[in-house]
Structures are given as structure tokens and as C-alpha cells.
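Participant: Give me a 3D structure for the following:
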Amino acid sequence: MTPKLSCAALIAAAVALLAGPALARCSKNLVEEFGPRLQRASFDDGLRLTEGPSPNRAIITFLGHASYQIDTPQGVRAITDYNGVNGFGRHPDIATMNNAHGTHFTDEPEEGITYVLRGWPQEGETEARHDVTLKDMRVWNVPTNARDWSGGVRINGNSIFIFAVGDLCIAHLGHLHQRLTPEHLEALGRIDVLMVPIDGAYTMGVPLMVDVVKQIDPRIVLPMHYWGRSQLDRFVTLLAPLEPVFVWPDKHTIEVAKEELPEKLTVIAVGGDGGG
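Facilitator: Numbering: from 1, shown residues only. Okay, the predicted model is just below:
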């Protein structure tokens, strides 16, 4: 016998349908509507992996160091590891920060930012916890540990931030200092695009960071937090057993869509020779 729904339940269902698809939580068990494929395209206007009105897409721009700008179809703008220099004046709606060094945060963000999300515990907290939604972007974090200046451990001192745009899931590792636990991976869920620090010193050794990439298993990797082509080459060399595709765009901006994700792991050097 089919159960009867209350008027309240029917109204809620109607509202949900009118509102469109819910923003993803990056579930690894999500049934995908589209088969993944890589669309070859010209780099005249940056790498474009989609043509069409998909809501599951983002324009990603490298701003320097560990800062990426993420723009959504509905005009929401987020900047990662916002430090008051890289991206200042671009007026993000959402700014995420980590505080391992002063180049990853600022105490004086510009005015007009709707959400300033700090990835470390504030006074009286044991960890940072965020989960905010603005139009077609949802942002939340997964706390991880970080080293302190004396060589000890700052429990929950770093955050991995996840940005869901429709069904496209982007993660920024921040100033990661550790391999991920099963609990971290469960909290992250499925990640399509991963922003990875590859300096090999201030964060963690490149072989260990490659292990993290293997743990998360994204489709696209965007290197950051490096200085010079040699660091980039070493990272790609250590990834070689995974047989990644390497893309060298001629601009710092790409567009990525869920429906056009590459079949194989693809490293896109949006930061060029050095992340600054």
C-alpha cells in the first residue's frame, strides 16, 4: 500500500523541485548521469572543458601561491587561502584561509565578503567547522593536523576546504602536513578537482603528497605552492606510475565541468612555472 503524504510533505517536495537540484555533498556513491570524457579544445581562451549551460561547472583562476579563484554559473566567487594580496580587489563572496604562514590568511579582509572561513580553531574551539551555502556554491571543511614552529603538532590546525558547484566537487588541501586518515577520506567523499601544494618542504614531502593524491583519487589535479619548474617536474615524475595526462595551458584560467571530466588523472599546470 502506498503511504499517504501530509500536506506539509507535499508542499516541501514541491518547493524542492522548484528550487532545482540540491548542492552535492560529494558522495562517492552518487549515480552519475553522464559518462566521463575529455573534450580536446583550443587554449586560445584558456582550457575549456565544456560548451553549454551545465550547472555543474566552474571557472578556476590561479592567483598565486596557494590562492585560486572559483567562479560559478550563478556568479558566486570564492578565493582559497585568501591572504589580502593574491586576489585582493576581486571581491570574493567566500574567502577561505589557513594560518600556517602569513601568506595564507589575513586579519584584514576587504569589505563586502559574505563568508570569511578560517581553517583553524578560534578562541574556545577545538577545531574549525564550516558549512555554508550561497546560491549555487556550498563550502565546508575537513580539519587536519599541522606542524607548529617548535616541531610539534597543532591538532586541527589546518583545513581542507571543499567547494561544491552543483555536482562538481573541488577540494583545496590548504597547508597539509599529513597523510589522510579513513575518517578524513570519508568526510571528503568524491573529489573531482584537487588543488595540491607541491613545494615538498613547507607542507610535506612530494612523495607523501603524491600518496595523498592517490588516496583522494581525483580526476584533475591543480598544483600550487611551488617555486620553479623543477618542483613541478618532480611532482609529475613521481605521479608517473599513475600515467597522468599533463596539460600546460597558456593562461591562468580554466573551465571545468562535471560532465566533461577526463577519464584519466589529468594534471593542469595553471600556475605555470611557479606558484609564487
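Participant: right, and residue 213 touches residue 239 too?
Facilitator: Yes: the pair residue 213 / residue 239 is scored as a contact, 6.9 Å apart, by CB atoms under 8 Å. All C-beta spots, glycine's among them, are computed from the backbone N, C-alpha and C.
Participant: what's the overlap in contacts for those two?
Facilitator: Residues within reach of residue 213 and of residue 239 at once, by CB atoms under 8 Å, 6 or more residues apart in numbering, are residue 221.
Participant: which sections of the chain are below the confidence cut-off?
Facilitator: Across the chain, the ranges flagged by pLDDT under 70 are 1-25, 27-52, 100-105, 149-151, 200-203, 275-276.
Participant: Skip the chain neighbours and tell me the closest residue to residue 147.
Facilitator: Spatial nearest neighbour of residue 147, excluding adjacent residues (CB to CB, 6 or more residues apart in numbering): residue 177 at 5.1 Å.
Participant: Tell me how many other residues surround that neighbour.
Facilitator: 20 (other CB atoms under 10 Å).
Participant: Make residue 1 into 20 and carry on from there
Facilitator: Sure thing, new numbering starts at 20, so read that last one as residue 196.
Participant: Does it lie in a helix or a strand, and which?
Facilitator: Assigned by DSSP states H and E, residue 196 belongs to no helix or strand.
Participant: So which residues of the stretch 70-219 of the chain form helices?
Facilitator: 201-207 (DSSP state H, counting those that start in this stretch).
Participant: residue boundaries of the strands in it?
Facilitator: 76-83, 86-90, 96-98, 113-116, 134-137, 150-153, 156-166, 172-184, 187-191, 212-216 (DSSP state E, counting those that start in this stretch).
Participant: And those: which comes nearest residue 144?
Facilitator: strand 172-184 (8.7 Å; CB to CB).
Participant: now the angle between strand 187-191 and that closest one, please.
Facilitator: 150 degrees (axes from the mean of the first three to the mean of the last three CA atoms, to 10 degrees).
Participant: What strands flank strand 172-184, and is each parallel or antiparallel?
Facilitator: Strand 172-184 has its sheet partners listed here by DSSP bridges as strand 156-166 (antiparallel), strand 187-191 (antiparallel).
Participant: Now it: buried residues?
Facilitator: Of the residues in strand 172-184, 173, 175, 176, 177, 178, 179, 180, 181, 182, 183, 184 count as buried by neighbour count, 16 or more other CB atoms under 10 Å.
Participant: Which two among those are spaced furthest apart?
Facilitator: Pairwise over the buried residues of strand 172-184, using CB to CB, the maximum falls at 173 and 184, 30.4 Å.
Participant: so which of the strands paired with strand 172-184 comes closest to residue 104?
Facilitator: strand 187-191 (17.2 Å).
Participant: Distance from the chain centre to the closest one, please.
Facilitator: Relative to the centre of its chain, strand 187-191 is centred 4 Å away, using CA atoms, centre = their mean, to the nearest Å.
Participant: same check, this time on stretch 288-295
Facilitator: 17 Å.
Participant: and residue 152, bridged to which residues?
Facilitator: With DSSP bridges as the rule, residue 152 is bridged to residue 157.
Participant: rewinding a little: next, format the buried residues of strand 172-184 as CSV and append distance to residue 282.
Facilitator: Shown next, in CSV, are these (distance: CB to CB, whole Å):
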residue, distance to residue 282
173, 39
175, 36
176, 36
177, 31
178, 30
179, 25
180, 26
181, 23
182, 23
183, 22
184, 21
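Participant: for those, which one is nearest residue 90?
Facilitator: For the buried residues of strand 172-184, the nearest to residue 90 is residue 184 (9.2 Å; CB to CB).
Participant: isn't the closest one right up against residue 79?
Facilitator: No: here residue 184 does not reach residue 79: they are 10.2 Å apart, not a contact under CB under 8 Å.
Participant: so what sits against both of those two?
Facilitator: Between them, residue 184 and residue 79 share the contacting residues residue 89, judged by CB under 8 Å, 6+ apart.
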